[in-house]
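Novice: Sharing a model that was predicted from the sequence below.
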Amino acid sequence: DVEKRMGLIRRTTRYEDFADVDVAIEAVFEDMQLKKKIFTELDRVMKPGAILATNTSTLDINEIGRATKRPADVVGLHFFSPANVMRLLEIVRTDATANDVIATAFALAKKLRKIGVLSKVSYGFIGNRMMDPYAREAERLVLEGAEPAEVDGALEEFGMAMGILAVFDMAGVDVGVKVRRANPDQVPKDDPTFYRSSQVLFDQGWLGQKNGKGYYRYEAGSRERLRHEEAIKLLAEEGRKLGIAREEPISRQEIVERCIFAMINEGAKLLEEGVALRPGDIDVVYTSGYGFPRRRGGPMFYADQIGLDTVLAGLEKYAKGRLPRDFEPSKLLRELAEKGSTFAAWAEQQKG
């Protein structure tokens, strides 16, 4: 059966061989000019009505679509790595994507046994956009004095499948650095602490599991996380240089609240902006693709369970002495918290 299936795969280096396909999914690295060039070529050779999809995780699909003469046929199909294991598929609608293209994308997701979730175009779509403030706080906590194992340990105790710093080591510390270089408009110019930890490691050539050193140290052929003394010392020094190092120990509660509350707040912004249609969609993204503990239902469900007033109070507490904008509650979160309402109740109101 494996040989039969593998035999159905045909390799080519000619765009003309795409002339009769129904769906093409581009999956080159995150380079806008390269992607636009590919879409221009696919547009030239593919038949009318064919779907042109991109697997981009961060780039503006509206801009990619404008490189073609058929933007209505362009859609985002963001698979999660490893794609043969991860069930989540973000289906990203551009300003021009036709309804029949979206319907076909969901049908394809079902055929591939994926869980399709609709998103509008936004930097990072749903999953990666919410991951950004979550990981930002994790990296900042290391500069303030928490060790990587303490940060990851608190998040894993909360229920995350893997702590975010260990995730960076597994994926490659360089991946995030390169994404930020490709999206300079997403990097605040007035915040030297922003993802500074990964940059420090990258500058040392410590890329994670791929070369044995990152936030942790790894023995050859092993993925066991070992204490990386050099990295801990260097990151502590960087925190002191930036003036954010703390003398007192950082509690597990603070680690979890700063990371998870920042994630929830970004989710509220996505609902407010219409990037995500329902809080349940966000929860599906996070429990299916980001290792959020299913027993907690997803970040938005979890927020409802502990009370949005708790989340709001936490954001206001952690904003003190830090950049206020990083913890500025979304308008929707504040309104619901002050009314004693929930994201679930808000979603029901939207149906009417």
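Specialist: Now that the structure is in, tell me what you want to look at. Numbers count the residues shown, from 1 in each chain.
Novice: Quick check: end-to-end length of stretch 238-254?
Specialist: 21 Å (C-alpha to C-alpha, to the nearest Å).
Novice: what is the mean pLDDT for it?
Specialist: For stretch 238-254, mean pLDDT is 97.
Novice: in that stretch, what's buried?
Specialist: E238, G239, I244, I250, R252, E254 (16 or more other C-beta atoms under 10 Å). Where C-beta positions appear, they are placed from N, C-alpha and C, glycine not excepted.
Novice: hang on, the second one packs against E147?
Specialist: No - G239 is beyond contact range of E147, at 11.7 Å (criterion: C-beta atoms under 8 Å).
Novice: So which residue is smack in the middle of this structure?
Specialist: N128 (1.5 Å; C-alpha atoms, centre = their mean).
Novice: Please tell me how far the helix or strand hosting it is from the chain's geometric centre.
Specialist: Assessed by DSSP states H and E, N128 sits inside helix 127-144. Here the centre of helix 127-144 is set off from its chain's centre by 11 Å, with C-alpha atoms, centre = their mean, to the nearest Å.
Novice: And that helix, what does it pack against?
Specialist: helix 148-158, helix 164-171, helix 196-203, helix 229-242, helix 252-273, helix 279-289 (3 or more C-beta pairs under 8 Å, 6 or more residues apart in numbering; DSSP states H and E).
Novice: Show me how the record splits the protein into domains.
Specialist: What automatic domain parsing lists as the domains of the chain is 2-120, 139-153+161-242, 252-351.
Novice: Make sure E328 is actually in contact with A319.
Specialist: Yes - E328 lies in contact with A319 (C-beta under 8 Å); the separation is 7.2 Å.
Novice: which residue packs closest to I38, ignoring adjacent ones?
Specialist: E26 (5.3 Å; C-beta to C-beta, 6 or more residues apart in numbering).
Novice: before we move on, what about G297?
Specialist: That would be D283: by C-beta to C-beta, 6+ apart, it lies 6.1 Å from G297.
Novice: just V187 next, same as before
Specialist: R180 (5.4 Å).
Novice: For the stretch 1-150 of the chain, which segments count as helices?
Specialist: 2-7, 32-45, 61-65, 99-111, 127-144, 148-158 (DSSP state H, counting those that start in this stretch).
Novice: packing partners for the second one?
Specialist: The one in question is helix 32-45. Using 3+ C-beta pairs under 8 Å, 6+ apart: helix 32-45 touches strand 23-26, strand 51-54, helix 61-65.
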